[in-house]
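# sharing a model prediction with you, sequence too.
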Amino acid sequence: MILTANSLPGLFRLLIAQRGLCWRLVSRELAQRFRGSMLGLVWAVLTPLLTAAVFTLVFTGIFPTRWGTGGSSPFDFALLLLVGLSIYTLFSEAVGRAPRLIIDNANYVTRVIFPLEILPPVIILSGLVNLLITVLLVVIGYYFAHGTLHATALLLPVVLLPFLIFLMAAVILVATIGVFVRDVGLIIAPILTFMLFLSPIFFPVEAVPEAWRFIVRFNPLTPIITQSRAVLIFGEWPNFLALAVYLLCALGALAVAHWVFRRLRGGFADVL
């Protein structure tokens, strides 16, 4: 008997029931990521710092970017940049791995009774560890720069929850299609590049010309990046109404992705 879920509530029940297995796979994923490296987990700290340093040099020294509220100094710009990059990196890593997620775990499909539904949360949670490390760096950096912290930073999980549900929907859908259409991986790469430069990572939304601003606002990363900065950097309350709408859309997307997964799962073994 294959462990599976036939509805969206059933999917959440399955993930809760299999949380022990999920955490073991996340631990193995993190161990494999840094296996053989001399610095190990230190790279999870150095990588975002070095990336932010390079982009800060480019966008403050070569192509100056101005933010309407705060962020006028290179250090403040680096903090804003780290928040945006952490969210994009989580999205990019998860969706970028999705086309081969089931293909690379074919043994779970053909040989073992295994709940395939936990594979997307595993890669998302492993990427979330890097995001949390980066957020911690932002909080520490902001405190040393300004001598204070915003209580609204505690609301970051509220901002990220709808995004994580949307991300799981995207990973499930791309992973399912990737089993049958191997070109998906080639399509995803340029899409991720477009999303990098169409997200308000290096610039505020207000800096985009009015005629093109709708493209940036339509990007699903935009509200999460802007509201994460609001609670972490600017000390503002999140827009709960916008987050509620985002959550409903994310749940709808997850329901569709899970439906597609259930309809096509029976053909995985034949293709693999």
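Noted; the coordinates are in hand. Numbers count the residues shown, from 1 in each chain.
# can you map out the helices along the stretch 151-272 of the chain?
Secondary structure of the stretch 151-272 of the chain (DSSP state H, counting those that start in this stretch): helices at 156-180, 184-197, 213-218, 222-229, 240-264, 268-271.
# residue ranges with poor pLDDT in the stretch 1-150 of the chain?
1-4, 34-44, 55-72, 111-112 (pLDDT under 70).
# give me that answer again for 80
In the predicted model of the stretch 1-150 of the chain, residues 1-6, 30-74, 110-113 satisfy pLDDT under 80.
# kindly report the same for the stretch 151-272 of the chain.
Applying pLDDT under 80 to the stretch 151-272 of the chain flags residues 272.
# at 90 instead, please
Counting by pLDDT under 90, the ranges of the stretch 151-272 of the chain that qualify are 182-183, 185, 197, 201-215, 217, 265-272.
# from the chain's centroid, how far away is stretch 172-192?
Averaging C-alpha positions (C-alpha atoms, centre = their mean, to the nearest Å) puts stretch 172-192 17 Å from its chain's average.
# straight-line length of it, end to end?
17 Å (C-alpha to C-alpha, to the nearest Å).
# over to stretch 203-216?
One end of stretch 203-216 sits 11 Å from the other (C-alpha to C-alpha).
# and it, what's buried?
203-205, 208, 216 (16 or more other C-beta atoms under 10 Å). In short, each C-beta sits where N, CA and C put it, glycine included.
# same thing with stretch 75-84?
Buried positions in stretch 75-84, judged by neighbour count with 16+ other C-beta under 10 Å: 75-84.
# next one: stretch 22-34
For stretch 22-34, the neighbour count (16+ other C-beta under 10 Å) marks 22, 25-26, 30, 33 as buried.
# just the CA atoms of it, as CSV, please.
Written as CSV, here are the backbone C-alpha positions of stretch 22-34 (Å, rounded to 0.1, in the frame of the first residue of the first chain):
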residue,chain,number,x,y,z
CYS,A,22,10.7,14.5,7.3
TRP,A,23,13.1,15.8,9.9
ARG,A,24,15.5,12.9,9.5
LEU,A,25,15.6,13.6,5.7
VAL,A,26,16.2,17.3,6.4
SER,A,27,19.1,16.4,8.7
ARG,A,28,20.6,14.1,6.1
GLU,A,29,20.1,16.8,3.4
LEU,A,30,22.0,19.4,5.5
ALA,A,31,24.8,16.9,6.4
GLN,A,32,25.3,16.0,2.7
ARG,A,33,25.4,19.7,1.7
PHE,A,34,28.5,20.5,3.7
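# which one of the helices of the stretch 151-272 of the chain lies nearest to S92?
Nearest to S92 among these is helix 184-197; the distance by C-beta to C-beta comes to 5.0 Å.
# what comes up buried for that closest one?
The neighbour-count check on helix 184-197 (16+ other C-beta under 10 Å) flags 184-185, 188, 195-196 as buried.
# for it, packing partners?
Where contact means 3 or more C-beta pairs under 8 Å, 6 or more residues apart in numbering; DSSP states H and E, helix 184-197 is packed against helix 74-97, helix 156-180.
# same list (those) but as CSV, adding distance to N105.
Below are the helices and strands packed on helix 184-197 laid out as CSV (distance: least, C-beta to C-beta, whole Å):
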stretch, distance to N105
helix 74-97, 11
helix 156-180, 10
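# which of those helices sits closest to T222?
Here helix 74-97 is closest among these (C-beta to C-beta), at 9.8 Å.
# circling back to that earlier point, ok, the buried residues of helix 184-197 vs T222, which is closest?
Among the buried residues of helix 184-197, and counting by C-beta to C-beta, the member closest to T222 is M195, at 9.8 Å.
# surely that closest one is in contact with I225?
No. Assessed by C-beta atoms under 8 Å, M195 is found out of contact with I225, at 11.0 Å.
# okay, and the common contacts of these two?
Shared between the contact lists of M195 and I225 (criterion: C-beta atoms under 8 Å, 6 or more residues apart in numbering) are residues Y88.
# fine by me, we can end here.
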